[in-house]
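Undergrad: One predicted model, sequence on top.
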Amino acid sequence: MTAPQHPRPDGGLPEAHRPRPGGSFDATAVTFAAMGLFDALTGDQRARLLLPHADRGRTHWNFLPESGRHGLALGELDRRQEGLAHRLVAESMSIPAYARVVQVMANEHLLRELNLPLFGHIAPAFRDARGYFLTFFGQPQPDTTWGWRLVGHHLSLNVTVVDGDLVSATPFLLGAEPARFGPFRILGEEEDAAFVLLDSLTGAQQRQAVIHSRPPADFVTRTVATVGEVEYPAYHGVGRRDAMITDEDREALAYFRDHPRGIRADDLSPGQRGHFDDLLARFVERARPGLVGFEMDRIAAAGGVGELHFAWAGGTSVDRPHYFRIQGPATLIEFDNAEDDANHVHSVWRDPSNDFGADLLIQHHLDHDHTGSRPEDAG
């Protein structure tokens, strides 16, 4: 974990977060890793893996078990192919983030055994550490626009390459069930960092930060394709009833894009701000190291880290159901641990304007003529 990079006294960005002159090879590295995998697949596997970039299924990123998923399951790959698939995942993010991805998938082995008394012989059918589906949206080639998704229980990775250059890494979702068991606590560092920040607040600041006494059962914005101006949490988790909330709870927990709730980062003391920056970094630094500066530039252009808000709901100890979010125009982080007596975690990092590279794609179309006309045809 790198040390927090605070804004300079003149208001400028820290050196590590300034725009990178001359571009980078981040998109190239991701694309080449995807090309290596694609070339190693059979014709039938390619047909199941590949969809057009504009396919409507691109924004279906539901992380719960479901039937009929499009894509190629990791369990259907041979050892070399599966190794290349993992190479793509690792190349697309930081190594600590990749370590969490591997842990999330491996946790299905544990969950299968824990679920045997309830589900019996059918538990292995949907608690499968290789039951994660990979899809390409557009064939990966240099200097093209394409994306990939890996989705399954408690995992939804969505990477977009635009015109062979800029990369979007959101939505980026990780979860864990159970959140704590024996030596496993997959998202414990993120959870602990949030409690450090919460515990550092004064009484008055906590009253501002804590927006409700009950947490949502799941993250408030759910898995909508595009974050709206206003989003409300569901009444309960999908297929579950152990963390029900009421209409009053939903109103209290609602997300308002233009009116973030909680406490503003610029209203924190220097020490508290350090804790806030550390918590923010644990999500933004899931991206490839070369892309962290780009993400921080987007935050800076949307008002800066100081305008981000931290909000909390639910209990103030790790063993009680709880939830937090960090919100700004270019950043939305949600973390809930409400089900199974606060032992079932979901976390998501989103960009309300740039999930699936939406902003980058709009700018790409503005910068490039896609009508087929030539400059000399004008006028």
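TA: That came in fine, so what should we check first?
Undergrad: For the stretch 1-150 of the chain, which segments are assigned as helices?
TA: In the stretch 1-150 of the chain, helices defined by DSSP state H, counting those that start in this stretch lie at 26-40, 43-49, 79-91, 95-119, 123-126, listed in chain order.
Undergrad: Turn the ones you listed into CSV, columns for distance to Asp165.
TA: No exception for glycine: its C-beta is placed from N, CA and C like everyone else's. Below are the helices of the stretch 1-150 of the chain laid out as CSV (distance: least, CB to CB, whole Å):
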stretch, distance to Asp165
helix 26-40, 5
helix 43-49, 23
helix 79-91, 16
helix 95-119, 22
helix 123-126, 39
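Undergrad: Let me know which of those helices is tucked in deepest.
TA: Counting by mean count of other CB atoms under 10 Å, helix 26-40 has the highest mean neighbour count of these, with a mean of 19.
Undergrad: So which elements touch that helix?
TA: helix 79-91, strand 146-152, strand 155-162, strand 166-168 (3 or more CB pairs under 8 Å, 6 or more residues apart in numbering; DSSP states H and E).
Undergrad: partners of the very next helix or strand once past the shortest one in the sheet?
TA: Next in sequence after strand 166-168, counting helices and strands by DSSP states H and E, comes strand 172-176. The strands beside strand 172-176 in its sheet (DSSP bridges) come out as strand 155-162 (antiparallel), strand 345-350 (antiparallel).
Undergrad: so which of the ones you listed comes closest to Glu191?
TA: Across the strands paired with strand 172-176, Glu191 has its closest neighbour in strand 345-350 (7.1 Å, CB to CB).
Undergrad: on that earlier part again, Throw the strands paired with strand 172-176 into JSON lines and include distance to Pro178, mean pLDDT and mean neighbour count, thanks.
TA: Shown next, in JSON lines, are the strands paired with strand 172-176 (distance: least, CB to CB, whole Å; pLDDT from 0 to 100; neighbours: other CB atoms under 10 Å):
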{"stretch": "strand 155-162", "distance to Pro178": "16", "mean pLDDT": "97", "mean neighbour count": "25"}
{"stretch": "strand 345-350", "distance to Pro178": "9", "mean pLDDT": "98", "mean neighbour count": "25"}
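Undergrad: Quick one, which of those gets closest to Thr221.
TA: strand 345-350 (7.0 Å).
Undergrad: what angle sits between that closest one and helix 95-119?
TA: Relative orientation of strand 345-350 versus helix 95-119 (axes from the mean of the first three to the mean of the last three CA atoms, to 10 degrees): 140 degrees.
Undergrad: ok, residues contacting strand 345-350?
TA: Taking contacts as CB atoms under 8 Å, 6 or more residues apart in numbering, the residues outside strand 345-350 that touch it are 63, 154, 170-177, 179, 186-187, 190-191, 218-219, 221, 227, 283-284, 286, 331-337.
Undergrad: Leu116: which of the helices and strands packed on helix 26-40 is closest?
TA: Nearest to Leu116 among the helices and strands packed on helix 26-40 is strand 146-152 (19.7 Å), distances taken as CB to CB.
Undergrad: Low-confidence ranges, the stretch 251-379 of the chain, go.
TA: Residues of the stretch 251-379 of the chain meeting the criterion pLDDT under 70: 364-379.
Undergrad: Which stretches in it count as strands?
TA: 255-256, 263-264, 309-314, 322-328, 331-337, 345-350 (DSSP state E, counting those that start in this stretch).
Undergrad: For Glu113, which of the ones you listed is the nearest?
TA: Taking CB to CB, strand 345-350 is the member of the strands of the stretch 251-379 of the chain nearest to Glu113, at 19.1 Å.
Undergrad: my guess is Gly262 meets Ala313, correct?
TA: No. Assessed by CB atoms under 8 Å, Gly262 is found out of contact with Ala313, at 9.6 Å.
Undergrad: what about the two, which has more around it?
TA: A count of neighbours by other CB atoms under 10 Å puts Ala313 above the other of Gly262 and Ala313, at 26 against 20.
Undergrad: Which segments of this structure make up each domain?
TA: 26-173, 175-364 (automatic domain parsing).
Undergrad: for the first one, the distance to its chain's centre please.
TA: I take that to be domain 26-173. Between the centre of domain 26-173 and the centre of its chain there are 14 Å (CA atoms, centre = their mean, to the nearest Å).
Undergrad: For it, measure first residue to last.
TA: End-to-end span of domain 26-173 (CA to CA, to the nearest Å): 21 Å.
Undergrad: Pipe the helices of the stretch 1-150 of the chain into a markdown table and attach distance to Ala301 and mean pLDDT per row.
TA: Converted to a markdown table, those look like this (distance: least, CB to CB, whole Å; pLDDT from 0 to 100):
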| stretch | distance to Ala301 | mean pLDDT |
| --- | --- | --- |
| helix 26-40 | 19 | 97 |
| helix 43-49 | 35 | 98 |
| helix 79-91 | 27 | 98 |
| helix 95-119 | 24 | 96 |
| helix 123-126 | 42 | 86 |
